[in-house]
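J.: Predicted coordinates and the sequence they were generated for:
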Amino acid sequence: MPYITQDRRDPLDEPLAQIILAIQDSTAKAGMLNYAITTLLQSVVDPEAPRYVDINTAVGVLECAKLELYRRLAAGYEDKKAAENGDVDTYVVVQSKD
């Protein structure tokens, strides 16, 4: 989870703000974001001497970050769009059986 204490966030906030600005100003956002994430992960996983624990840590962080992004942003957005545009028929049938 990204919910670390403020004193742990402080040393990261300024460098992250510079990275965020560079990504936001780019026409290649996906590539820039992928590069930044890959570079950060390589600081945990040494590609010359990978260890299971480090790979597991990196993959676990990616999975949890993905799930948190989905939970906090995508799920509500999808619910809103389903309400605006109509739900998928199979989901309506499943929900009505509950």
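T.: Received, thanks.

J.: quick check, distance from stretch 39-59 to the centre of its chain.
T.: 18 Å (Cα atoms, centre = their mean, to the nearest Å).

J.: List the contacts of Ser26.
T.: Met32 (Cβ atoms under 8 Å, 6 or more residues apart in numbering). To be clear about C-beta, it is placed using only N, CA and C from the backbone, and glycine gets the same treatment.

J.: end-to-end on stretch 66-86?
T.: Criterion Cα to Cα, to the nearest Å; first-to-last residue distance in stretch 66-86 is 26 Å.

J.: Please give the centre-to-centre distance between that stretch and its chain.
T.: On Cα atoms, centre = their mean, the centre of stretch 66-86 falls 14 Å from that of its chain.

J.: swap in stretch 51-71?
T.: For stretch 51-71, the distance to the chain centre is 9 Å (Cα atoms, centre = their mean).

J.: can you pull the buried residues of that stretch?
T.: By 16 or more other Cβ atoms under 10 Å, the buried positions in stretch 51-71 come out as Ala58, Val61.

J.: among the helices and strands of this structure, which one scores worst on average pLDDT?
T.: helix 89-97 (a mean of 73; mean pLDDT, DSSP states H and E).
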